[in-house]
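Undergrad: The following block contains a protein sequence and its predicted model.
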Amino acid sequence: MGDRYWLWVGARLLVGVAILALALSYLGTGSGEKEFQKSLDAMKQVHSFRMSYTASPPNQHNEMLWEVDCARDILHHQYKIIQTSSNPPAEMSQDEMVVGGREYVRQKDGSWSKPQYASSGGSAKWFCSQLAEGSDSSLLPQFATMIKRAIIQKGDKKTVNGVRCREWLVTMKGGFSGLEHDTVCLGLEDHLPYEMTVDWEHSHSSFSDYNAAIQLDVPEAAVQPASATN
């Protein structure tokens, strides 16, 4: 009788452990990995987007904007760097555009010209191919890497730029100091990223205008070949 009792107790414990493990697989890091995989798949259908970025390293403030149009192979990039340690603060900015692999830089008079030196900052075609393949790029969150190397925990719901999203807390295993703790807010309906923060330099990124018609001031020289062909 005593042996049967302890066998019954052991069986109940094994069942309880199995149920707990199953629950944790859905509520713990497993659910985050599944959600990030949905995001990786959803980004394969993205053909245009905007990404804005700010960071505040010591004695400096950085602001950047990227606009990507896959259909027209256009990548627009603006950046502003302010040296807050100088008096008055020194500012450096640039406005660049890559159209069909050809680079242009905005001049002070508002015109576009070819740069003296190539920036090698990539092109819309490259970023769009990364999206279509489900690979990481330097603009959108590194979901493929996070799925493999991160501990992902569910956070609260919030609204970013008018879109309801859920924040996920990401801890990169073996990450560099200052880069191991991130947050990513994913749209509740489309699973796309709308906000990301990183401890390093208090960086903050926001993403918007997915698959929208982005209005861009394309350099006249970039459209002349197409006009001549027509």
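TA: Looks like it came in fine. Numbering: from 1, shown residues only.

Undergrad: Find the least confident helix or strand in the chain, judged by mean pLDDT.
TA: helix 2-27 (a mean of 42; mean pLDDT, DSSP states H and E).

Undergrad: Quick check: next helix or strand after that one?
TA: helix 29-42 (DSSP states H and E).

Undergrad: after that following helix, next one along is what?
TA: strand 48-55.

Undergrad: Indicate each strand paired with that following strand and its parallel or antiparallel sense.
TA: strand 60-69 (antiparallel), strand 203-208 (antiparallel) (DSSP bridges).

Undergrad: Let me know the next secondary structure element after the first one.
TA: Going down the chain from strand 60-69, the next helix or strand is strand 74-83, by DSSP H and E.

Undergrad: contacts for that following strand?
TA: Applying CB atoms under 8 Å, 6 or more residues apart in numbering, the external contacts of strand 74-83 come out as 59-69, 89-99, 121-124, 127, 216, 218. Placement of C-beta: from N, CA and C, glycine included.

Undergrad: Just the CA trace of the following helix or strand past it, in PDB.
TA: Once strand 74-83 ends, the next helix or strand along the chain (criterion: DSSP H and E) is strand 90-99. Extracted in PDB, the C-alpha atoms of strand 90-99 (Å, rounded to 0.1, in the frame of the first residue of the first chain):
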ATOM      1  CA  ALA A  90      28.900  72.800 -33.400                       C
ATOM      2  CA  GLU A  91      26.600  71.100 -36.000                       C
ATOM      3  CA  MET A  92      27.300  68.900 -38.900                       C
ATOM      4  CA  SER A  93      24.600  67.600 -41.300                       C
ATOM      5  CA  GLN A  94      24.200  66.000 -44.600                       C
ATOM      6  CA  ASP A  95      21.300  65.000 -46.900                       C
ATOM      7  CA  GLU A  96      22.000  62.000 -49.200                       C
ATOM      8  CA  MET A  97      20.000  60.000 -51.800                       C
ATOM      9  CA  VAL A  98      20.800  56.800 -53.700                       C
ATOM     10  CA  VAL A  99      18.700  56.200 -56.800                       C
END
